[in-house]
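Novice: Following is a predicted model, sequence given first.
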Amino acid sequence: MTELRQRLQEELRLRNYTAATIHSYTATVAEFARHFHKSPDQLGPEHVGTYQLHLLNERKLAWQTMQVRMAGLKFFYTRALKQSWFDTEVAKLPPPAARSAIPPTFATAPGCCRSSVARMSIRLRLRRQPSPRPASFYVHRFPLSDTA
């Protein structure tokens, strides 16, 4: 195990990170170094930016996966290597676009259709919820007479 990998894992263990996070961050830093064929302590902010573009454009990673990868690199540079440039020189990822409440197939439909679809989806959502039962449902009724 290299000295940098050991230092990264020790820092993560000191901060009580889970085994899965330790594995993920270590793999992220190793993949980052492998991408540039250099030790990660020899790479700087321009390399991180290039790597971000590679992950987004070529690997087509999901936004959440990108967040985890950037968190791993940020932890490595700010905690393990004690470098301060990461926060100021690396571009932050924008949040994903908000998902529309109306499916895209209905987005171009006339207004009357969209409102009908919206009403229908609300009705379906309400139908899925269990209806509240009256209090009398929970009362046990026993016969008062002994004739049965």
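Specialist: Okay, I see it.
Novice: Would you mind splitting this structure into its domains for me?
Specialist: The chain breaks down into these structural domains: 3-89, 99-129 (assignment by automatic domain parsing).
Novice: Reformat those domains as CSV; add mean neighbour count.
Specialist: Where C-beta positions appear, they are placed from N, C-alpha and C, glycine not excepted. Formatted as CSV, the domains of the chain follow (neighbours: other CB atoms under 10 Å):
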stretch, mean neighbour count
domain 3-89, 15
domain 99-129, 10
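Novice: Present the ones you listed as TSV; the columns should include mean pLDDT.
Specialist: Putting the domains of the chain into TSV (pLDDT from 0 to 100) gives the following:
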stretch	mean pLDDT
domain 3-89	93
domain 99-129	59
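Novice: Make sure Leu55 is actually in contact with Met66.
Specialist: Yes - between Leu55 and Met66 there is a contact at 6.0 Å, judged by CB atoms under 8 Å.
Novice: Checking the closest residue to His54 other than its chain neighbours next. Helix, strand or coil?
Specialist: In space, and not counting its chain neighbours, His54 is closest to His35: 6.8 Å by CB to CB, 6 or more residues apart in numbering. Of the three states, His35 takes helix under DSSP: H, G, I helix; E, B strand; the rest coil.
Novice: Now the terminal residues of stretch 12-23, how far apart.
Specialist: With CA to CA, to the nearest Å as the measure, stretch 12-23 spans 10 Å from end to end.
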